[in-house]
Every structure is written in C-alpha cells, then in structure tokens.
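>>> Sequence and predicted model, in that order:
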Amino acid sequence: MPDQSQQQLFDQAAPTAPPDRVVGSELGVRPARVIAPPAPGLRRVRAVIAYDGGAFHGFAPNDGIATVTGTLNATLARIVQTEIAVVGAGRTDAGVHARAQVISFDAPSVIDLARLQRSVNSMCAPSLVVRDIAWAADDFNARFSARWRHYRYAVLNAPWPDPLIANRSWHVRAPLDVLSMQLACDPFVGTHDFTSFCRQPKVSAAQRSTRPPRSMVRRIIDAHWDRPNDDGVLMFHITANAFCHQMVRAIVGFLVEVGQGERHAGEVLAVLRAKDRSWAGIVAPAQGLTLWHVGYDDEHDLGSSTRHLR
C-alpha cells in the first residue's frame, strides 16, 4: 500500500464543475438519442464500480479475454439467472483503472440490489468492486446520459521508481518543468478536433463507404497539473464531455515532452490544427491513468478545482 502522503494524493477528490448545457453539434458528439426502456419484468440499474485495470484487458467485451464488461456480464448473469448486458460510461483501455466508472443494465425487478452488490463483490473483489448501486429511471444510460468524464494521470518524477505505486503511475526520471507543462494545458481547453491526439478507430472498407468518418471533436472543460505533496508525484487532471481512444494518454505524453524540453507549449495549437496523429508524439503508459468520476445532470455542482501547483 502507498504511504500516507501518497494515499492522500490518490484518494483526494479533484472537484471539477460540470459543463454548462451544450447541445450535440457544439460538443462534437452524437445528438441526444432515445433510450429504449427495460423489457417487461425488468428495471434499469445504475451502479458505480471501481477496478484495477491491470487485471483486465480493457473494459469492452472481448470473447476469450478477461475484460471488465465480460466479467460483470458473466457474474451478474450467474447471480440473477438471466442474460445481462452492461453499458459503461467510458471504455477504458487495457491497464487503465477506474475509481468511479458508472454502469447501467437491466435486471429483474424483484431482485434485492443490496444482496446483488454483496454477491458481485464477494465474487470479483479485490480486482473489481461495486461501490454503489440503485434503481434508475427507464431512460437512464450510463454512456449516453453522461455529461462529462474526469480522468487523472499520475507521473512519478523521481530518480528511482516507487514499487508501492508502480502499477498506478508512470515513472519519469528526468526532471520536469511543471510550469511549462501547466502552460501547455491552457490551449487544450475548449472545443477542438483531437485527431492528432486520438488513435483512429478500426473500420472496414464497407464501413468507410457507408458511414461518415467519426468526429474527433471534443470539448475540454478543464486540464491542469497538481502537485499536492513533495513525494515526486505529479497529477494531471482533465475533464471533458467525452474522450476518443488514447486521447488522455497522448495528451499526457505530449505534456511530459514539454516538461523535458523536447516540445514547447506554443506548439499545442499547431498540433491540434494538423489533425495528424504523428504530430503529437508518444502515448503515456496505461497504468498511470484512472477514470475518476462521471457527471450527470442529476448531480450537484462539485465546485471549482484548484489550479495552483504547490
């Protein structure tokens, strides 16, 4: 386990205000869609889960491979004795962790949710735990009802690695200019095309001929670095309406190169405008990234996040 100062760093909430209401085209996401209600005899369930990304090959289902969705679907189906299809607020990559991933699924209306939570946790802990569970409105969907997602990325900037947090941070030995990294965050805030910072989705020739290219436009609400303690750990916080594949890790990789003096803060806008993945550079390792919180319309404003480096 991390020592007290490191545990405070990982457990401290990073409050970030949810975005103002903005419609689909401005955010660069699909417009609001009609969510199908549960089938007769079923009710919609909303749950908050946490997991160690090192135990799974990503969130999305993949036959024959241990994934978060695959594990949950199989575990829930075994308990409630009916097929379950979990929907998640975000599809984290292999090795990426979650403190508060939100999921939804339909289950028989007669089940006891508290007992369901205990059963899942007894079967899946400690790699995966249901932190909270409740009945939800019929039109709730963990993915499409979400207003914003908040991720954290931990960088250990020290001469030597720390075995106690090695699976939750990226060890960067060379000293980093954190003020330059903070300066480089500012151009990311706002609505941009993040093609340069996203891995392109795989599509077949038939799909390319029948579907328009997926939009890589996203709205970044906040991006900043924090250094709460003097233990060498830097924490990157980023909140957006949505993220495309490897977007956060590519942004972190770029910012670390800025901190090493290999790139400049003034390059950010040019890289964004290039819409070319080769312009952005390296992708940070998965283990430093954690999905920290997902915001919905029924939540209160979480307040303003501090942007001061200490």
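Received it, and whenever you're ready, just let me know what you need.
>>> wouldn't residue 148 be in contact with residue 238 here?
No - the criterion here is CB atoms under 8 Å, and residue 148 misses it with residue 238 at 10.5 Å. Where you see a C-beta, it was placed from the backbone N, CA and C, and this is true even at glycine.
>>> and these two? which has more neighbours close in?
The residue with more neighbours, out of residue 148 and residue 238, is residue 238; 26 against 22, by other CB atoms under 10 Å.
>>> hey, where'd the helices end up in the stretch 51-200 of the chain?
In the stretch 51-200 of the chain, the segments counted as helices under DSSP state H, counting those that start in this stretch are 68-80, 113-124, 178-185.
>>> Ok, which of those helices comes nearest residue 263?
helix 178-185 (7.9 Å; CB to CB).
>>> which of the residues in the closest one are buried?
By 16 or more other CB atoms under 10 Å, the buried positions in helix 178-185 come out as 178, 180-185.
>>> next one: stretch 184-197
184-185, 187-189, 192-197.
>>> Which members of these are positioned in strands?
Residues of those located in strands (DSSP state E): 192-193.
>>> Tell me which residues touch residue 96, please.
53, 58, 286-287, 289-291 (CB atoms under 8 Å, 6 or more residues apart in numbering).
>>> Select, from the residues you listed, the two members most distant in space.
Spanning the widest gap among these are 58 and 290, at 14.4 Å by CB to CB.
>>> can the buried residues of stretch 184-197 go into TSV with extra columns for pLDDT?
Shown next, in TSV, are the buried residues of stretch 184-197 (pLDDT from 0 to 100):
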residue	pLDDT
184	98
185	98
187	97
188	98
189	97
192	97
193	97
194	97
195	96
196	97
197	97
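>>> Just the closest of the buried residues of stretch 184-197 to residue 260, please.
Nearest to residue 260 among the buried residues of stretch 184-197 is residue 184, at 11.9 Å by CB to CB.
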